[in-house]
Every structure is written in C-alpha cells, then in structure tokens.
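> I'd like to go over a predicted model; first the sequence, then the structure.
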There are 2 protein chains.
Amino acid sequence: MNKNGNGKLYGVGVGPGDPELISLKAARLISAADIVAYPAPEGGESFARSIAKAHISTACVEIEMPVPMKTERFPAQTVYDAGAKDIAEHLRAGRDVVVLCEGDPFFYGSFMYLHDRLHDEFEIEIVSGVSSLVACAGRLAQPLAGRNDVLTILPGPMESDELERRLAMGGSFVIIKVGRHMPRIRAILEKHGLLANAGYVERATLPTEKVMRLADVDDSCVPYFSMILIYDGGEAWKK
Amino acid sequence: MNKNGNGKLYGVGVGPGDPELISLKAARLISAADIVAYPAPEGGESFARSIAKAHISTACVEIEMPVPMKTERFPAQTVYDAGAKDIAEHLRAGRDVVVLCEGDPFFYGSFMYLHDRLHDEFEIEIVSGVSSLVACAGRLAQPLAGRNDVLTILPGPMESDELERRLAMGGSFVIIKVGRHMPRIRAILEKHGLLANAGYVERATLPTEKVMRLADVDDSCVPYFSMILIYDGGEAWKK
C-alpha cells in the first residue's frame, strides 16, 4: 500500500517462456501477491500464467482478461477496460495487484493497455523481464548486435513498402509478430538478398521451440510467437 | 561436461544492475559454478560481478578480464584473447565455465568477443538476461514500443549524418552508449524537434540511477551506461 491508501500495481515481466528465466524479483512479488491478473486467449490457457504458475499462491485471487484471438492488430479494448476496472477496485481498497506479462511489460506487450488506463490514478512499478527478442538471439547462438551496429525492430504486419524502405537502410533487423505474414515477408527478404542472413525462432526457450534458418521454414504453420532475425552481413546461424 | 569430454561454456546475462533482476536460471548456474569469468575495467571492480556476487561461491576460481577503459570503440582484443585462452584450458579439462555478462550476453555485450573465439571448439549456452534497454523503458514509466511501432536502436558514437538519416525515418528510438557524445546528440535531436519526446536514464535499477527528461540533463557528466529513449509522437515521461 502506498501513501494515499491505494494499493500498488506491478507490471511484472515473466520472460519468454522458460519458467527459470523469471527474475528473482518477479518470483518474490508473484509469490507474495494476493491478487494476480493476466491476459489469456479466449477459452484458452494464459501463457504468462503458465510461465509463472509455480510461484502463484493457491490463496491468490486471479483476474483473467480473456483476449479474443481474431483481433491481432486491434486488441479488444473492452477486455482491458473491464480488466482495468477490476484491478482498480482492488487498488482502491488498498490491495496491491501483480500483472503477469510475457517477456517484458513495456516491450511490445499488452501491459501498455492497462498502463494507459491506470497510470493517472495509481502508482505503477515495472519489473523488467527477459524479452523474447534477446531470447531468440540466444537460441540462434549468434550475437544479435554489438559495437556500433544499428538494430531495427519491425512488426510483421507492417505494410510491404514501409518494410522494404526500412530494410534498405541496412543494419541488423528483428521482425516480430510474423505469423500469417510469413510468405509476404520471405518474398521481400529474398528480393533484398537477405534470406541467407535470416534465422527463424518460434516459441524460444520452450520445449516446443523451433530454431532454424529462415530458408528452411514451412510457411504454412508459422505461429504468432515467432521472430525472424537478420544479421548484418553475417550468416543466419553459425553453429 | 558434454559428450566430447569438454566442459560447457555458459554466457549468463545478469541483468541491468539490480541484483534481484537476475533470473532463477542465472542464479542457479552461478551458485553451482566452479569457474566464473567476467570483464572488469582495468584496476576497477567488475560491474557484472558486483551484480552477481551474492551467488558466487567462495570456493570458485575467478577469471578477471581487465578491459582498458580508453578503447570505447575498439575493445582491447588482446584481453579477450587471453581470457579465451584461460577459459579454453578449463573447458578442455572438462570443467564448465560461467561468464557473467551485464544485461544480456548477445545484446551489445562483450560476450560476443569470447563467443567469436570459442564457439568453433566448444559448446556454448546463452542464458538470456534482462537488457538495460527494457530496464530503462521500465524506469521511464512509459511503454517503449507496442502494436506496430518500429523501434530503432542507435549507438551514440555513430556518425552524425547517419544518425540524422536514421532519425528521419521516424518511429521510436533508443540511443545507447551516449557518454561523451551527449552534446552532439542533443543538438541533433533538437534540430529534428525530438527533444520534448526524449527521456534519459543512467544506471537503470541501481541506487545511483538517474531518470529525467533529456532536456534537463547536464551534458558535462554523462556516463557510458546511459541511454536516451525517444517516443514516437509521445512525451518523454508521462508520470
């Protein structure tokens, strides 16, 4: 509880998937939490909760935010309105709330939707997590960026002409949220001569992980949780 | 030990500074390690070691790589030659070696110099860490990137015309390794109308941390461990 009597909101990164990549601080806060909230695909299991479940107390109140899966580009804002309302009630009653966030809370995560709705009224602390971006680089066994390299992060759903304009600038790239955009992205990378430099990782650090050269990927089954890493002037995969 | 009798090399990210942002896996590997290696400024304390010290066993053999501080752009490769040689001797004798890395091992870190020298002969596992980039965003209390935002990471020492060319592309930016380049970078951001959107963080998550609008920074004392975050169309700091 903080000085105005409200509870504190924690946005806690739980890392890319391996439950052992949770930080000591995240594990401590989750273990001590009376209220835990997380997004979940409508009708499915929450990925963030599955990563953190060993630390969630059985006495804990859980707030699930069921996110419709069809709205990849425009997440159902009504879900976050309702989630923020539930969370705010606990905070106003002086109870702290821990929100579980895949990867890092402020790096292309859905926590921003709760942050937007709650930061004017409540104290929020971010507990940074291992982002899936660095986890993918680790699994590809090649440094993502070093020295004075420029690294650009490009979301897969972006328009093709903008994607091409960015690639033409040079440097290293990570393309996130690949999913169904894979055939289009692959064609663009091929056109720019970048296919040989591109590695692919899906579900990094999980038992179902796949790590391969982009050239070897089957376009027909690329999940949302996948990334393409393009190494400036290098090979996709040294090992 | 792995199947050819050699030890295994672990590149372990220890996060941005707060010892509690070490992952459970990193803590486990460091605690169990017989050999730990890390870079240190010549004549000074190793930052990576200071983050991880609670987990280092007193019986542990420690390999310090003393990096000269004057070579910001071109790290003393002889130091990594010597470090890699020492590490290789332990690995060939069947002993695992844990290398402590500030932030994440493959994200603008010095572990790449050891990786380059050792990955042909030895098995290397990367244990990804919380990068200082996401930690800075967390401390600035504003989402760094979301939805279909483009995020570009720019090293401070890069040439001014290239920096301007990148900034003109739009999106969100992080400028790393700011240090003595601050006056030049600030002038460029001002010219491009980006000063109001820029936040500044030094020594994120440490007791000596500073978090402020870039406009308020004193250029005369900006350390190497500092970053500028530029929010696409937003303010530097909402709270």
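Thanks, I have the structure now. Because the structure is predicted, anything quoted here is derived from the model rather than measured.

> residue ranges of the helices in chain A, please?
Under the criterion DSSP state H, chain A carries helices at the ranges A:24-32, A:47-52, A:77-92, A:111-118, A:132-140, A:160-167, A:182-191.

> could I get the ones you listed in TSV, plus columns for mean neighbour count?
All C-beta atoms are positioned from the backbone trio N, CA, C, and that covers glycine. TSV is the format used below for those (neighbours: other CB atoms under 10 Å in any protein chain shown):
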stretch	mean neighbour count
helix A:24-32	19
helix A:47-52	22
helix A:77-92	17
helix A:111-118	22
helix A:132-140	28
helix A:160-167	16
helix A:182-191	17
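
> is it possible to get CSV of these that adds mean pLDDT?
What follows is the helices of chain A, written out as CSV (pLDDT from 0 to 100):
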stretch, mean pLDDT
helix A:24-32, 98
helix A:47-52, 98
helix A:77-92, 95
helix A:111-118, 95
helix A:132-140, 96
helix A:160-167, 97
helix A:182-191, 96
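
> turn the ones you listed into a markdown table, columns for distance to chain B.
A markdown table is the format used below for these (distance: least, CB to the nearest CB, whole Å):
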| stretch | distance to chain B |
| --- | --- |
| helix A:24-32 | 4 |
| helix A:47-52 | 11 |
| helix A:77-92 | 12 |
| helix A:111-118 | 4 |
| helix A:132-140 | 3 |
| helix A:160-167 | 7 |
| helix A:182-191 | 14 |
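
> among those, which is nearest A:Asp232?
Closest approach to A:Asp232 among these is made by helix A:160-167 (11.3 Å; CB to CB).

> quick one: which of the helices of chain A is nearest B:Glu62?
B:Glu62 lies closest, by CB to CB, to one member of the helices of chain A: helix A:24-32, at 21.8 Å.

> distance from the closest one to the middle of the chain?
Put simply, helix A:24-32 sits 19 Å off its chain's centre (CA atoms, centre = their mean, to the nearest Å).

> residues in contact with it?
For helix A:24-32, the external contacting residues (CB atoms under 8 Å, 6 or more residues apart in numbering or on different chains) are A:10, A:12-15, A:22, A:36, A:52, A:55-57, A:98, A:100, A:127, A:129, B:18-24, B:27.

> still on that earlier bit, got a markdown table for the helices of chain A, with distance to A:Gly5 too?
Listed next are those as a markdown table, based on distance: least, CB to CB, whole Å:
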| stretch | distance to A:Gly5 |
| --- | --- |
| helix A:24-32 | 20 |
| helix A:47-52 | 28 |
| helix A:77-92 | 8 |
| helix A:111-118 | 16 |
| helix A:132-140 | 37 |
| helix A:160-167 | 47 |
| helix A:182-191 | 50 |
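
> among those, which is nearest B:Arg203?
B:Arg203 lies closest to helix A:24-32 among these, at 17.1 Å (CB to CB).

> just want the angle from that closest one to helix B:24-32.
120 degrees (axes from the mean of the first three to the mean of the last three CA atoms, to 10 degrees).

> OK, contacts around A:Gly7?
Residues in contact with A:Gly7 (CB under 8 Å, 6+ apart) are A:1, A:90-97, A:122.

> and those, which of them are in strands?
In strands, defined here by DSSP state E, the members of the contacts of A:Gly7 are A:Val97.

> which of the contacts of A:Gly7 has the weakest pLDDT?
In terms of pLDDT, the lowest of the contacts of A:Gly7 is A:Met1, showing 55.

> PyMOL command for the buried members of the contacts of A:Gly7?
In PyMOL, this line selects whichever of the contacts of A:Gly7 come out buried by 16 or more other CB atoms under 10 Å in any protein chain shown:
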select buried, chain A and resi 90+91+95+96+97+122
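
> out of the contacts of A:Gly7, who's nearest B:Ile63?
A:Asp96 (42.1 Å).
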